[in-house]
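1. Structural data only, the sequence is not supplied:
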């Protein structure tokens, strides 16, 4: 059975199934990976999984100033946002290894 510009449909299905198994394996591997990101010169540390699940937030007691809670909030936001950005980059990078940046004829 030919289709999609002459590609064999059976081969295409096998390739798609193989890619699906690789994606599942990658997701399991990413869940086990962690990234540690800091802000404020290391005053705030955020640990996030490769699947963007926050695992831990560490705050250096020296930056806890009851008169300047906004600064602490900003440091935490900065660290969390950077952690999510890096987790996204890790996911994208690893997915590109599987998909090769996409497959001809498929919208990846």
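-> Here it is on my side, so go on. In this text the structure is predicted, and so the values were computed from the model without any measurement.

2. Give me the three-state assignment for residue 72.
-> Of the three states, residue 72 takes helix according to DSSP: H, G, I helix; E, B strand; the rest coil.

3. oh, I was asking about residue 48
-> Judged by three-state DSSP, the three-state class of residue 48 is strand.

4. So for it, what pLDDT did the model give?
-> On pLDDT, residue 48 comes in at 93.

5. now swap in the one 5 residues further on and tell me
-> Reading off the confidence values, residue 53 has pLDDT 90.

6. Can you read off the backbone torsions of the closest residue to it other than its chain neighbours?
-> Of all residues beyond its chain neighbours, the one nearest residue 53 is residue 31 (7.8 Å), with distances taken as Cβ to Cβ, 6 or more residues apart in numbering. Backbone N, C-alpha and C define where each C-beta goes, glycine included. Dihedral angles of residue 31 (phi, psi; degrees, to the nearest 10) stand at phi -60, psi -30.

7. Kindly report the same for residue 35.
-> Reported as degrees, to the nearest 10, the phi and psi values for residue 35 are phi -120, psi 140.

8. didn't it look like it was pressed against residue 85?
-> No - counting by Cβ atoms under 8 Å, residue 35 sits too far from residue 85 to count as a contact (10.0 Å).

9. neighbour count winner among the two?
-> Counted by other Cβ atoms under 10 Å, residue 35 and residue 85 do not tie: residue 35 has more neighbours, with 19 against 13.
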